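Asker: what follows is a predicted protein model with its sequence.
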Amino acid sequence: MTQLYFASSNQYKVSEYVRIFSQQTITITPVDYDTAELQSLDPDEIVRDKVARAYATLRRPVIVEHCGLSLSAMGGLPMGLTKPFWSILKDHICQIANNLNNTAADMVVCMAFCDGKNKYVVKESVAGNINKVPVNGVFHLDRVFVPSGAQVALAGMSDNERDKWSPRSKAALSLINVRLSSFIKNPRI
């Protein structure tokens, strides 16, 4: 099987995806890759740009990811701009959502794969709410997001529980299914 690379500077994402892909007997090699991110509300546009630049740098089959929150009370913001929003607001996102009296949110994950010939993008989202206060954990979005039907934020779940609720797991499985079942058949995107 072709060696796949996962490009990210976020070590939490790297370890999460190495674990998820290994459950499907797919080995991915992490690459510490940090680049200026395209600023767009559309996470699909962000990963298309990110995967093209990652492939141009690595010249290897590469996967990238972008995770964002869409808060109902903020008209869907910050979505693709979650990274700059979070760098300023951090855990205050809980207070803001609760002060707006509308904690409804979606967590959206876009993943992209490129091997120089083919490019695939998958997008998965999970509806939920912003927690009243952040819980302990490593990854900032997981600390504040509670999927609809769940009792705790993603960061408070075991790996197995999180895999059932997380859009990261759903996106990874969608990408795996596209890559493994129709890698050669699909036209370039």
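Answerer: Yep, that arrived.
Asker: in the helix or strand hosting residue 85, what's buried?
Answerer: Per DSSP states H and E, residue 85 falls inside helix 82-89. Within helix 82-89, the residues scored as buried using 16 or more other Cβ atoms under 10 Å are 82, 83, 85, 86. Quick note: C-beta positions are derived from backbone N, CA and C, even for glycine.
Asker: check the burial of residue 115 by counting its neighbours.
Answerer: 16 (other Cβ atoms under 10 Å).
Asker: for it, give its distance to residue 44.
Answerer: Distance, residue 115 to residue 44, by Cβ to Cβ, to the nearest Å: 19 Å.
Asker: re the thing from before, after the helix holding residue 85, which helix or strand is next?
Answerer: By DSSP H and E, the next helix or strand past helix 82-89 is helix 92-99.
Asker: report the buried residues of the next helix-or-strand element following that next one.
Answerer: Per DSSP H and E, the first helix or strand lying C-terminal to helix 92-99 is strand 104-114. The neighbour-count check on strand 104-114 (16+ other Cβ under 10 Å) flags 105, 106, 107, 108, 109, 110, 111, 112, 113, 114 as buried.
Asker: nearest to residue 17, of those?
Answerer: The closest of these to residue 17 turns out to be residue 111 (Cβ to Cβ; 8.7 Å).
Asker: if I look at that closest one, how far off is residue 4?
Answerer: Distance from residue 111 to residue 4, by Cβ to Cβ: 12 Å.
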